[in-house]
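# I would like the atomic coordinates for the input below:
(chains A and B)
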2 protein chains.
Amino acid sequence: MNRITSLFDIRYPLIQAGMIWCSGWKLASAVSNAGGLGLIGSGSMHPDLLREQVRKCKEATNNPFGVNIPLMYERNDEKFSILEAEGVNVIFTSAGNPAKWTQYLKDKGFTVVHVVANVKFALKCQDAGVDAIVAEGFEAGGHNGKEETTTMVLIPQIREMTDLPLIAAGGIASGRSMLAALVLGAEGVQVGSRFVATPESSAHSAFKQMILEAADGDTMLSLKRLGSVRLLKNKFYHEVRKLEDTGASAEELALLLGKGRAQKGMLEGDTVEGELEIGQVSGLIREMKPAGEIVEEIMKEFNEILDELTNLYFK
Amino acid sequence: MNRITSLFDIRYPLIQAGMIWCSGWKLASAVSNAGGLGLIGSGSMHPDLLREQVRKCKEATNNPFGVNIPLMYERNDEKFSILEAEGVNVIFTSAGNPAKWTQYLKDKGFTVVHVVANVKFALKCQDAGVDAIVAEGFEAGGHNGKEETTTMVLIPQIREMTDLPLIAAGGIASGRSMLAALVLGAEGVQVGSRFVATPESSAHSAFKQMILEAADGDTMLSLKRLGSVRLLKNKFYHEVRKLEDTGASAEELALLLGKGRAQKGMLEGDTVEGELEIGQVSGLIREMKPAGEIVEEIMKEFNEILDELTNLYFK
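Numbers count the residues shown, from 1 in each chain, chains lettered A, B, ... in the order given. As a prediction, this is how the structure comes out:
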C-alpha cells in the first residue's frame, strides 16, 4: 500500500491511461477488476456516449474506476455533471491548464489528477490543488510536451519540487519499467500503449497488429508546430514528416491533418491514411493479452525483480 | 560485484563518459581513484596529446581507467598503438560501426566496449564480439541516434536481445537514476553531464555555470540532418533552430556550424556562439562538486534507495 493505492482505493498503483478511441468501459473495467485503476478515455466521446460508457463500466466492475477528460475539447462541464450524477469520483484531466477546473471539481468532491509533461505545469498543478500528478515523459504516445523531457529525467525533477502523489507515464509497459519508475521517485505508473494491444481495447485490430509489429525507431514525436504528438510511422506520418522537413507552417500541417485522422486510424483501422498515436514502448510489445493478465504479469515481474535486487549492493 | 565491476576490475559499476573538451586525465583519474571507471575522451585530442594525457593519468591513479575513441575521427590506429604501448587496455569506441575495429582491438588484448543508441547497432556489437555495450538514450548529451529512443525504452529492448554486459547512459546523474537503470536491465551506468560540472573537468567555467543553471527544457536534440546532437540552448542553438524551421539542408547547417564550434563553446567558454553539448539531466545538476565526491554520493544514494525498496511490495 502507498499513497496512490490509498487515494484511489485500489490494490496496485497501476493506472490504465484514458486514451481516445482505445479505452472504453471494456478496457477500464477489466483493469479495475484486476486491481489497477481503469480510466475511460472521454476525449473521443460526446457527453451521451460518455454516460452510456460509465453505466456499462459500473455494471462490469464493483471496483473504482475513473475518467480522463482532455481539457482541449468542448462540453467539459456537461461531462463533469454526468460523472457527478453517475457517482464516478475520479477524474484525470489533461491537455490544458489545471488552474481552470481543479477547484470547481474539488468543490464537487472529485479526486482530481492532472497530466503534465514538464516541471512548469507540475508547479501549476500544485498551486491548483490537485490530488496527484501524472508526469508523462517524451517516450509516451499521443500528445506530449515541447520540452521533450524523458521519463528518466522528468520524474526526479518533479519529485524534487513537489510532495504531491506522483504517477509516472511514458515508456512503462512491464514490471521492470514500473519498478524503475518507482525508484525514480514516482508512487504509481500510468500505462497506455500496453493496454491498447488487448482484446478489451476499442482500437481497431489492424492498429493493434501494427503495435505488435513495431520495433525500435518506429514511432516519432511529430506535428510539433501544432502541438507535439507521438505517431507510429505510416504513410500519413511520412507525409507529415515531408512537409515538416520543408519548413511547413502550422496552417499547412493543420490542412494536411484535417479532421478525424485519429478516428480513421485508431478506431476504423485505416493504418495508411490514419493518425496512429502510440508510445515508443510499442517496440517492446509483442503479444495481445487480456488486460487483466497484463496487470497480473506486470505486478508479478515487479515483485520478482524487487526480490532479486537484494543482491545489488556495491560496497 | 557484478559483470561490469569484474570486467574492468573496479569497485562500482559507474563509468564516467569520455567527452570531448571535458574529460582529460584529471577527471578520469579522479573518478578511477574513487572506485568508478574514468575515461579520457580522446575525440578532441591529437595522438601526441592523448599520449601525454594517458601518461599523466597513470601518474595520478593506480586504478584502471580507459579511453573513449569516437571512430568518426582520423588517426585511430595511431591512437590504438599509443594505448597499447602505454599499457591502457580498456577502449570505449563510439560514433561508428563496431565491426570496423573490434576484432583488431580484441586481437591486441584490449577490452572493447562500444556505444550505441539503438537496437540495430547493439546487434552489430554482438556480432563484432565486443566485451560490453553502452546503450545511450535520447536524453543523453552530445551525439545521439535518429531513433530518439529513451533510456527507459532502450535498455529493456537491448537487454532482451543480448546477454552481453550492458551499461546504460542518458539521463543518469544520481544513485536514484543509476538504480533505475539497473532495474531496467543494465549492469552498470555511464554518467556524462554530471561529471562536466566538476573542478576536474576541462570544460570552461562559463559552460559549467550554464549547466548548473539549466532547467527543464533547456536542452534539445538538434542538427538532425547532420547527425543528431543534444545542445544546451544558447544563441547558436537558436540560429540552428531557425534554419531548421525553414527546412534548411544539411549543407546549409554544416555551413552555419563551421569548424571548431564545440571547442569554442565547451573549452573556450564562448557560451553565445559556441556549441554546448550536454544532457537533459543538466536540469537536475545544481552544484559543482569534486568528481570523487560525486561517485561517493551516487553510490550512497543508490544503496539507501535499495534499502528503502523493501517496503515496496504490492500483494
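# Report the contact partners of A:Gly41.
When the contact criterion is Cβ atoms under 8 Å, 6 or more residues apart in numbering or on different chains, the partners of A:Gly41 are A:17-24, A:68. Just so you know, the C-beta spots here come from the backbone N, C-alpha and C atoms, and that holds for glycine as well.
# Give me the distance between it and A:Trp21.
Taking Cβ to Cβ, to the nearest Å as the measure, A:Gly41 falls 8 Å from A:Trp21.
# Helices along the stretch 101-250 of chain A, start to end?
When assigned using DSSP state H, counting those that start in this stretch, the helices of the stretch 101-250 of chain A occupy the ranges A:102-107, A:119-128, A:151-161, A:175-183, A:193-196, A:205-213, A:235-245, A:250-257.
# Mean confidence (pLDDT) on the fourth one, please.
Taken as a whole, helix A:175-183 carries a mean pLDDT of 98.
# Show me what that helix is packed up against.
Helices and strands touching helix A:175-183, as assessed by 3 or more Cβ pairs under 8 Å, 6 or more residues apart in numbering or on different chains; DSSP states H and E, comprise strand A:188-191, helix A:291-308, helix B:151-161, helix B:175-183.
# Format the ones you listed as JSON lines; extra columns: distance to A:Thr102 and mean neighbour count.
Formatted as JSON lines, the entries for these read as follows, by distance: least, Cβ to Cβ, whole Å; neighbours: other Cβ atoms under 10 Å in any protein chain shown:
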{"stretch": "strand A:188-191", "distance to A:Thr102": "18", "mean neighbour count": "29"}
{"stretch": "helix A:291-308", "distance to A:Thr102": "28", "mean neighbour count": "18"}
{"stretch": "helix B:151-161", "distance to A:Thr102": "28", "mean neighbour count": "25"}
{"stretch": "helix B:175-183", "distance to A:Thr102": "29", "mean neighbour count": "27"}
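# So for B:Ser205, which of those sits nearest?
Distances from B:Ser205 to each of these were compared using Cβ to Cβ; the minimum, 25.7 Å, belongs to helix B:175-183.
# which residues touch that closest one?
Contacts of helix B:175-183 (Cβ under 8 Å, 6+ apart): A:152, A:156, A:176, A:179-181, A:183-185, A:305, A:309, A:312, B:13-14, B:151, B:155, B:168, B:171-172, B:188-189, B:191, B:281, B:297-306.
# Kindly state which of the helices and strands packed on helix A:175-183 is positioned closest to B:Leu223.
Judged by Cβ to Cβ, the one of those that comes nearest to B:Leu223 is helix B:151-161, at 20.8 Å.
# May I ask which helix or strand of chain A has the lowest mean pLDDT?
Across the helices and strands of chain A, the lowest-confidence element by mean pLDDT, DSSP states H and E is strand A:142-143, at a mean of 92.
# ok, that strand: who's next to it in the sheet?
Applying DSSP bridges to the sheet, strand A:142-143 is found paired with strand A:229-232 (antiparallel).
# I'd like the average pLDDT over the partner strand.
The average of the pLDDT scores along strand A:229-232 is 98.
# how far out from the middle of the chain is that strand?
For strand A:229-232, the distance from its own C-alpha centre to the chain's C-alpha centre is 13 Å (Cα atoms, centre = their mean, to the nearest Å).
# now stretch A:27-44
The answer for stretch A:27-44 is 11 Å, by Cα atoms, centre = their mean.
# what distance separates the start and the end of it?
End-to-end distance for stretch A:27-44: 15 Å, by Cα to Cα, to the nearest Å.
# List phi and psi for A:Glu187.
With angles defined as degrees, to the nearest 10, A:Glu187 shows backbone torsions of phi -120, psi 0.
# now swap in A:Gly41 and tell me
Here is the backbone geometry of A:Gly41 (degrees, to the nearest 10): phi -90, psi 110.
# what kind of secondary structure is the nearest residue to it once chain neighbours are set aside in?
Using Cβ to Cβ, 6 or more residues apart in numbering or on different chains and skipping residues adjacent in sequence, the residue nearest A:Gly41 is A:Gly18, 3.6 Å away. At A:Gly18, secondary structure determined by DSSP: H, G, I helix; E, B strand; the rest coil is coil.
# Name all residues that make contact with A:Gly18.
A:28, A:39-43, A:66-68, A:92, A:94.
# and if you look at A:Met19?
A:Met19 sits in contact with A:41, A:43, A:68, A:141-142, A:192, A:195-196, A:277, where contact means Cβ under 8 Å, 6+ apart.
# And the furthest pair within the residues you listed?
Farthest-apart pair in those is A:Gly43 and A:Phe195; separation 15.4 Å (Cβ to Cβ).
# Have a look at the two and say which one is more surrounded.
It is A:Phe195, of A:Gly43 and A:Phe195, that has more neighbours when counted by other Cβ atoms under 10 Å in any protein chain shown, with 28 against 21.
# Surely the more buried one and A:Gly24 touch.
No. In this structure A:Phe195 lies outside contact range of A:Gly24 using Cβ atoms under 8 Å: 11.6 Å.
# where's A:Ala291 relative to A:Ala197, distance?
Remark: distance between A:Ala291 and A:Ala197 (Cβ to Cβ) = 10 Å.
# residue in the stretch 1-150 of chain A nearest to chain B?
Residue nearest to chain B within the stretch 1-150 of chain A: A:Glu147 (3.4 Å; Cβ to the nearest Cβ).
# Enumerate every residue touching the residue nearest to that residue when sequence neighbours are not counted.
Using Cβ to Cβ, 6+ apart and skipping the chain neighbours, the partner closest in space to A:Glu147 is B:Gly217 (3.4 Å). By Cβ under 8 Å, 6+ apart, the residues touching B:Gly217 are A:118-119, A:145-149, B:283.
# if we can go back for a sec, next, format the helices of the stretch 101-250 of chain A as CSV and append distance to B:Leu257.
Compiled in CSV, the helices of the stretch 101-250 of chain A are given as follows (distance: least, Cβ to Cβ, whole Å):
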stretch, distance to B:Leu257
helix A:102-107, 45
helix A:119-128, 30
helix A:151-161, 26
helix A:175-183, 36
helix A:193-196, 36
helix A:205-213, 37
helix A:235-245, 18
helix A:250-257, 27
